[in-house]
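1. task: produce atomic coordinates for the following.
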Amino acid sequence: MQKTLRAATLALGTCALAGFSANASAAYAFSNENSAADGSISGSYPAFTITGSDNGAGENTAFYTQTFTSSQVVTFTWQYASADSETDYDPAGWILDGVETQLSINGDMGTTSSGTTSVTVHMGDTFGFYVYSIDSLYGAGMLAINQDLPGAPPPPPPPPAIPEPANAALMMAGLAALFAAVRRHKSD
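-> The predicted structure follows:
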């Protein structure tokens, strides 16, 4: 199904959500685009994980969305992983009024991605999250919002600090003194 058709399906499925408060966890509703799909959700807003389809039923998008009754900025942390041979087969991200914005990074099996994102949502907008399964085979994509993915490796350590110029100059002076001492020792 093309993205525009998926957007229409999503819009029809979320019309009934109008009138709920954006801060109420009951306002978000989970749905699968394909009735035979096995996409699932664990937890509920604000901390949950969407797992995409992996039942071989073909293309499917698992959605977790709501229609907002007031304007606000939605800020969330996210983690993504897929068991598929390539993460391109299970992209995930956020959706606003039927327009998908991919958060996951395409790559080989084992490629993970994470971050923090803010989205401005206006009154009447339908906003939420999705995991799209292109073939629903070989492992599902998982998108965790405001929580860690089960079994996810810890985030990589920060890169080593780059010394400030004053510290770098002091370090160079120390190395020069050490080099001079070694040369004197060799000449003796």
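2. how is the protein divided into domains?
-> Here the domain parsing of the chain from automatic domain parsing is 3-145, 162-188.
3. ranges for the helices of this protein?
-> Remark: helices assigned in the chain by DSSP state H are 3-14, 165-187.
4. which stretch in the domains of the chain is the model least sure about?
-> Lowest mean pLDDT within the domains of the chain: domain 162-188, at a mean of 75.
5. in that one, which residues are buried?
-> Residues of domain 162-188 classed as buried by neighbour count (16 or more other Cβ atoms under 10 Å): none. (Glycine included, C-beta is placed from N, CA and C.)
6. and for stretch 87-101?
-> So for stretch 87-101, counting by 16+ other Cβ under 10 Å, buried means 87-96, 98, 100.
7. ok, the residues you listed vs residue 129, which is closest?
-> residue 94 (5.5 Å; Cβ to Cβ).
8. so the closest one makes contact with residue 103?
-> Yes - assessed by Cβ atoms under 8 Å, residue 94 is found in contact with residue 103 at 6.6 Å.
9. which neighbours do the two have in common?
-> Common neighbours of residue 94 and residue 103, counting by Cβ atoms under 8 Å, 6 or more residues apart in numbering, are residue 117.
10. in terms of secondary structure, what does the longest strand belonging to the chain contact?
-> Longest strand of the chain, by residue count under DSSP state E: strand 72-82. In terms of contacts (3 or more Cβ pairs under 8 Å, 6 or more residues apart in numbering; DSSP states H and E), strand 72-82 is packed against strand 113-121, strand 141-145.
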